[in-house]
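A.B. asks: compute the structure for the input listed below.
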Amino acid sequence: MAITTASTSLFAADMEEARHKWGWLLALGIGLIVLGIIATYAAVATTVATVLFFGAILLVEGIFEIVGGIRNHRYGGFWLHLASGILGIVCGILILLAPVASALALTVVFAAFFLVGGFYKIFASASIRLPGWGWSLFSGALDVVLGLMLLTRWPFSGLWFIGLAVGITLIFQGWAWVMLATLLHRTETPVATPA
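C.D. replies: Have a look, this model is predicted:
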């Protein structure tokens, strides 16, 4: 009970602090929306930038994996860390050297993911028929359509899909922050802590 009361008090204090800083949250949300709009309109550039960032992350992760494996070799798993690190470095370098080809390959992977996941949702929801199964069926159908669109428009879809997905994600994240900021601003009284 004491832990619940303490965690509730901490949550209330955090909410009160966030309520006073709602303007910063609003600015963050607006900034993310603007970035999302720019990313959506410059989808090809955003795709290349995202793929380059992903390649750099893989390269750095591979280096850290090898260093961590060497430093902790006496705890076991050295060869696994070494193999994982080498794989990360090789993949990172390949992506950095050929970002457009990497974007095209990743788009095929995304298309396959949407197709397999979509067909699974369709068959699972139609056979199990839990409450609301129609929504799952609809979601699966949308996934299949998206996967087919990516494949039928490939290789051109590989140039814009990742950038468009990043832009849309930024817009929705920004909108969520704007909604939270306006909710906090409209809250007149601080969140009450239970007695």
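A.B. asks: for the rest of this, base every contact and every neighbour count on C-alpha atoms.
C.D. replies: Noted.
A.B. asks: any low-confidence regions in this protein?
C.D. replies: Counting by pLDDT under 70, the chain has low-confidence residues at 1-15, 18, 188-195.
A.B. asks: in it, which residue is most central in space?
C.D. replies: T169 (7.7 Å; CA atoms, centre = their mean).
A.B. asks: check the gap between that residue and R74 for me.
C.D. replies: When CA to CA, to the nearest Å is the yardstick, T169 and R74 sit 43 Å from each other.
A.B. asks: nearest residue to the residue nearest to the centre of the chain other than its sequence neighbours?
C.D. replies: Nearest residue to T169 in three dimensions, chain neighbours excluded: G36, at 7.2 Å (CA to CA, 6 or more residues apart in numbering).
A.B. asks: by contact count, what packs against the one helix or strand M179 maps to?
C.D. replies: Applying DSSP states H and E as the criterion places M179 in helix 156-186. Counting contacts by 3 or more CA pairs under 8 Å, 6 or more residues apart in numbering; DSSP states H and E, helix 156-186 packs against helix 2-20, helix 22-41, helix 43-71, helix 99-128, helix 133-152.
A.B. asks: what's the angle from that helix to helix 43-71?
C.D. replies: 80 degrees (axes from the mean of the first three to the mean of the last three CA atoms, to 10 degrees).
A.B. asks: what separates helix 156-186 from the chain centre, distance-wise?
C.D. replies: The offset between the C-alpha centroid of helix 156-186 and the centroid of the whole chain comes to 11 Å, using CA atoms, centre = their mean, to the nearest Å.
A.B. asks: list the contacts of L59.
C.D. replies: When contacts are counted by CA atoms under 8 Å, 6 or more residues apart in numbering, L59 is found next to 88-93.
A.B. asks: whoops, A105 was the one
C.D. replies: Going by CA under 8 Å, 6+ apart, the list of residues near A105 reads G158.
A.B. asks: same question, the one 3 residues further on
C.D. replies: When the contact criterion is CA under 8 Å, 6+ apart, the partners of V108 are 150-151, 154, 158.
A.B. asks: in stretch 113-130, what's buried?
C.D. replies: Applying a neighbour-count criterion of 16 or more other CA atoms under 10 Å, one finds 114-115, 117-122, 124-125 buried in stretch 113-130.
A.B. asks: equivalent analysis for stretch 181-188, please.
C.D. replies: For stretch 181-188, by 16+ other CA under 10 Å, it's 181, 184-185.
A.B. asks: figure out how far stretch 24-37 is from the centre of its chain.
C.D. replies: In this view, stretch 24-37 has its centroid 17 Å away from the chain centroid, taken as CA atoms, centre = their mean.
A.B. asks: over to stretch 152-163?
C.D. replies: On the basis of CA atoms, centre = their mean, the separation between the geometric centre of stretch 152-163 and that of its chain is 19 Å.
A.B. asks: if we can go back for a sec, to A176, which of the helices and strands packed on helix 156-186 lies closest?
C.D. replies: helix 22-41 (7.2 Å; CA to CA).
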